[in-house]
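**Student:** pasting the sequence and the predicted coordinates here, then a few questions.
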Amino acid sequence: MNIAILSRSEHLYSTKSLLKAGRSRGHDMEVIDPLACNLTIESGKAVLRYYDDIVNDLDAVIPRIGSSQTATGVSVVRQFEALQVFSTVSSQAILNSRDKWTCFQLLVRQQIPTPKTVIGNFYGDAEGLLNQFPDGPIIIKLLEGTHGNGVILAEGRKHALTTIETLESLNARFVLQEFIEESKGADLRVIVVDGMVVAAMKRQCAKGDFRSNLHRGGTAKSVSLSKAEEQVAIKTAKALGLGVCGVDILQSKNGPMVLEVNSTPGLEGIEKTTQKSVSKSIISYIERHYKL
């Protein structure tokens, strides 16, 4: 098959891993920079040009869309969908997962457990927002962000109030989230491909931080999931319509809770930690799709 990875660079670890996995299976692999795509509608048909060349020979695409290119990247994926090219992650699923509030709204419809989450209001009632939580630490998150960016731990009410008022003055969209103290700065990163868990690791935050992201200096180890944790991860991917995703789960006293969902999970940390090739699982997913 002809498979393209939608990525800004062929030198990124995840992109290189996918290229290697696809070529090892005999597929023709290429990298397409979504920011270099020219999208048009001509004579009632979708047309996609990569620089000056019309792209009309692909069987599948693997989106690797960064958060800062969400709008453009989603539009490119949607154009490929209009061309009947299979995408491992749909354009709508990317949008569903990128907006944290939309994500939680879709999860609650399927009764998937999450920490208590409240969306920031637009009429400046910071006190009213905080009154919905007990006094103590609280998480404040921008609605879009990855690798722990835009996530703040307010240690108390005064700090939280100042942060909320600052965000409101900037017209920033954010949510407040219950702080799960018993997780002790750790979470589970679970990779789901085509409705199956293919790899999982436990991440621990670096000293002095509360975010477990490896980009923030956190550490990781391979882990076996409980049945409940595995079911929550699979159910989450299904609820958001994600063929490929990373599900971040907190181990709370009330059972597993979904903290966040990533439609473009980084592959370096999980592959090196678990010694499992997520890339091969993604290529196999594409192959299964074409055998249907």
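**Tutor:** It's in. Numbers count the residues shown, from 1 in each chain.
**Student:** ok, and what's touching stretch 274-288?
**Tutor:** Applying C-beta atoms under 8 Å, 6 or more residues apart in numbering, the set of residues contacting stretch 274-288 from outside is 1, 3, 14, 17-18, 20-22, 24-25, 27, 59-60, 62, 86, 88, 191, 193-194, 196, 198-201, 222, 243-244, 267, 270-271. All C-beta atoms are positioned from the backbone trio N, CA, C, and that covers glycine.
**Student:** any idea which helix or strand carries the residue lying closest to Leu240 once chain neighbours are set aside?
**Tutor:** Taking C-beta to C-beta, 6 or more residues apart in numbering as the measure, Leu240 lies nearest to Asn96, with 4.8 Å between them; neighbours along the chain are not counted. Using DSSP states H and E, Asn96 sits within helix 91-98.
**Student:** so for that helix, what gets flagged as buried?
**Tutor:** Buried positions in helix 91-98, judged by neighbour count with 16 or more other C-beta atoms under 10 Å: 91, 93-98.
**Student:** from those residues, pick the one nearest Thr40.
**Tutor:** Comparing these against Thr40 with C-beta to C-beta picks out Ser91 as the nearest, at 17.2 Å.
**Student:** ok, now which ones touch that closest one?
**Tutor:** For Ser91, the contacting residues are 74-75, 77-78, 81, by C-beta under 8 Å, 6+ apart.
**Student:** quick one: the helices in the stretch 101-250 of the chain?
**Tutor:** Read by DSSP state H, counting those that start in this stretch, the stretch 101-250 of the chain holds these helices, from start to end of the chain: 126-130, 157-169, 227-240.
**Student:** how about those helices in TSV, adding distance to Ser263 and mean pLDDT?
**Tutor:** Shown next, in TSV, are the helices of the stretch 101-250 of the chain (distance: least, C-beta to C-beta, whole Å; pLDDT from 0 to 100):
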stretch	distance to Ser263	mean pLDDT
helix 126-130	28	86
helix 157-169	24	88
helix 227-240	8	98
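**Student:** Ala186 is nearest to which of these?
**Tutor:** Distances from Ala186 to each of the helices of the stretch 101-250 of the chain were compared using C-beta to C-beta; the shortest belongs to helix 227-240, at 13.0 Å.
**Student:** contacts for that closest one, please.
**Tutor:** Here helix 227-240 has contacts from 93, 96-97, 103, 106-107, 109-110, 112-113, 188, 190, 192, 195-197, 200, 225, 243, 245, 247, 249, 251, 255-256, 258, 261, 263, using C-beta under 8 Å, 6+ apart.
**Student:** show the buried residues in those.
**Tutor:** 93, 96-97, 103, 106-107, 112-113, 188, 190, 192, 197, 200, 225, 243, 245, 247, 249, 251, 256, 258, 261, 263.
**Student:** quick one: which of the residues you listed sit in strands?
**Tutor:** Here DSSP state E is the test, and the buried ones among the contacts of helix 227-240 give 188, 190, 192, 197, 200, 245, 247, 249, 251, 256, 258, 261 as lying in strands.
**Student:** now the two most distant members of those.
**Tutor:** For those, the farthest-apart pair by C-beta to C-beta is Cys245 and Gln251; their separation is 19.2 Å.
**Student:** where does pLDDT dip in the stretch 51-200 of the chain?
**Tutor:** Confidence mapping of the stretch 51-200 of the chain against pLDDT under 70 gives the ranges 122-124, 145-148.
**Student:** which ones are touching the residue nearest in space to the middle of the chain?
**Tutor:** The geometric centre of the chain, computed from its C-alpha atoms, lies nearest to Asn262 (C-alpha atoms, centre = their mean), at 1.0 Å. Neighbouring residues of Asn262 by C-beta under 8 Å, 6+ apart: 97, 146, 245-248.
**Student:** now do His27
**Tutor:** 1-3, 283 are the contacts of His27 under C-beta under 8 Å, 6+ apart.
**Student:** and the two most separated of those?
**Tutor:** In those, the most distant members under the criterion C-beta to C-beta are Asn2 and Ile283, with 12.9 Å between them.
**Student:** quick one: which of the two has more around it?
**Tutor:** Using other C-beta atoms under 10 Å, the more surrounded residue of Asn2 and Ile283 is Ile283, with 26 against 15.
**Student:** and the strands in the stretch 1-150 of the chain?
**Tutor:** 2-6, 28-32, 37-42, 45-50, 53-54, 60-63, 86-87, 117-119, 138-142 (DSSP state E, counting those that start in this stretch).
**Student:** and the third one, what does it pack against?
**Tutor:** Counting contacts by 3 or more C-beta pairs under 8 Å, 6 or more residues apart in numbering; DSSP states H and E, strand 37-42 is packed against strand 45-50, helix 70-82.
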